[in-house]
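Q: need a 3D model of the following:
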Amino acid sequence: MASKDDKLKISVLASGSSGNVTYIETPKRKVLVDAGLSGKKIAGLMESIGRSLDEVDSLFVTHEHSDHIQAVGVLARRYGLDVYANEKTWQAMGPKIGKIKAEQKHLFQPGELKAFDDLDVVSYQVSHDAAQPQFYEFHHAGATFAIVTDTGYVSEEVAGVISDADAYLFECNHDIEMLRVGTYPWSLKQRILSDQGHLSNEDGAKALMSVIGNHTKQIYLGHLSRENNMKPLAHLTVANLLAEQDLGVGHDFELFDTDPAQATPLVSL
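A: Just a heads-up that it's a prediction; the model follows:
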């Protein structure tokens, strides 16, 4: 059994429609997934969990939307990070992030598994209106953390890859009724509700039903819309739908909220 210091550690630094950053740590690696806030804000969030950007070695990019890549170029240049993304994402985000040294740019194609010392990372493609959106699952010392946001649905293939993880960051972007009666133009509402949009609270819960397993202990509800959702509503909706399926909310696993401006505590899996 891994000692506490040897465990996989995670913190959702920020999650929401305004910016997304997640921190993952092992004894040998410290990495970020996305950098969708300013470098200054990300540095402050790292400090809030007792860590520094100086310690981070790698950055995994999911797709080229601004709430995921705002500080990719800045962090790469300032801290010398290795940046990983698939070929189409590199092409799409290149003009947005400025120049990065060639030796810092790395390809990580969908469906690949890469080993980084004591951290194994698996990529999987999702359905979103980006060039080639993909997310990642992280493995260390028998523990697994999977991230699934920015997708209109969770395919059987993705569900198979991420099933029975110890922890999830899972999208609950919107409440369908709030979105329908809200101020967004109809074209944007259609985009969000489409198979290339975002998971609603209900869709997130249903997808979770297909992946939760005996190892699952922590679920972070992420990427909530500022305009079309509320933390208590997302939390209650997911908790009630999972409980209706006799899944052990509050017993076998816990649900946690995330925030666009406040990091979740750094925890060991």
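Q: what packs against the longest helix along the chain?
A: Counting residues, the longest helix in the chain under DSSP state H turns out to be helix 231-244. Contact here means 3 or more CB pairs under 8 Å, 6 or more residues apart in numbering; DSSP states H and E; on that basis helix 231-244 packs against helix 201-209, strand 218-222, strand 254-257. The C-beta positions use only the backbone N, C-alpha and C, and glycine is treated the same way.
Q: and the second one, which strands flank it?
A: Using DSSP bridges, the strands paired with strand 218-222 are strand 167-171 (parallel), strand 254-257 (parallel).
Q: so how far is residue 41 from residue 21?
A: 9 Å (CB to CB, to the nearest Å).
Q: those two: who's more crowded?
A: A count of neighbours by other CB atoms under 10 Å puts residue 21 above the other of residue 21 and residue 41, at 27 against 19.
Q: helices along this structure, start to end?
A: Counting by DSSP H, the helices of the chain are 39-48, 66-69, 72-79, 87-97, 156-162, 176-181, 186-193, 201-209, 231-244.
Q: would you reformat those helices as a markdown table and include distance to residue 103 and mean pLDDT?
A: Converted to a markdown table, those look like this (distance: least, CB to CB, whole Å; pLDDT from 0 to 100):
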| stretch | distance to residue 103 | mean pLDDT |
| --- | --- | --- |
| helix 39-48 | 21 | 98 |
| helix 66-69 | 20 | 98 |
| helix 72-79 | 11 | 98 |
| helix 87-97 | 14 | 97 |
| helix 156-162 | 30 | 97 |
| helix 176-181 | 44 | 96 |
| helix 186-193 | 37 | 95 |
| helix 201-209 | 38 | 98 |
| helix 231-244 | 41 | 97 |
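Q: output the below-cut-off pLDDT ranges for the stretch 1-150 of the chain.
A: 1-4 (pLDDT under 70).
Q: most distant residue from the centre of the protein?
A: residue 181 (27.6 Å; CA atoms, centre = their mean).
Q: show me what contacts that one?
A: When contacts are counted by CB atoms under 8 Å, 6 or more residues apart in numbering, residue 181 touches no other residue.
Q: overlap in contacts of residue 21 and residue 41?
A: residue 14.
Q: that older thread, give me whichever of the strands paired with strand 218-222 is most buried.
A: strand 167-171 (a mean of 27; mean count of other CB atoms under 10 Å).
Q: return the distance of that one from the chain's centre.
A: Averaged C-alpha coordinates place strand 167-171 at 7 Å from its chain's average position (CA atoms, centre = their mean, to the nearest Å).
Q: check stretch 82-94 too.
A: 17 Å.
Q: quick one: buried residues of that stretch?
A: Counting neighbours by 16 or more other CB atoms under 10 Å, one finds that the buried residues in stretch 82-94 are 82, 83, 84, 85, 86, 88, 89, 90, 92, 93.
Q: TSV for the residues you listed, including distance to residue 27?
A: Supplementary listing: those in TSV, determined by distance: CB to CB, whole Å:
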residue	distance to residue 27
82	18
83	22
84	20
85	25
86	28
88	33
89	29
90	30
92	34
93	31
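Q: what's the closest of these to residue 100?
A: Each of these was checked against residue 100 using CB to CB; the closest is residue 83, at 6.3 Å.
Q: hmm, that closest one is touching residue 76, no?
A: Yes - judged on CB atoms under 8 Å, residue 83 makes contact with residue 76 at a distance of 5.2 Å.
Q: now do the shared contacts for these two.
A: 59, 100, 104.
Q: just the buried residues of those.
A: The buried subset of the shared contacts of residue 83 and residue 76 (16+ other CB under 10 Å) comprises 59, 100.
Q: now distance to residue 247 too, for the shared contacts of residue 83 and residue 76, in a markdown table please.
A: Shown next, in a markdown table, are the shared contacts of residue 83 and residue 76 (distance: CB to CB, whole Å):
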| residue | distance to residue 247 |
| --- | --- |
| 59 | 34 |
| 100 | 43 |
| 104 | 42 |
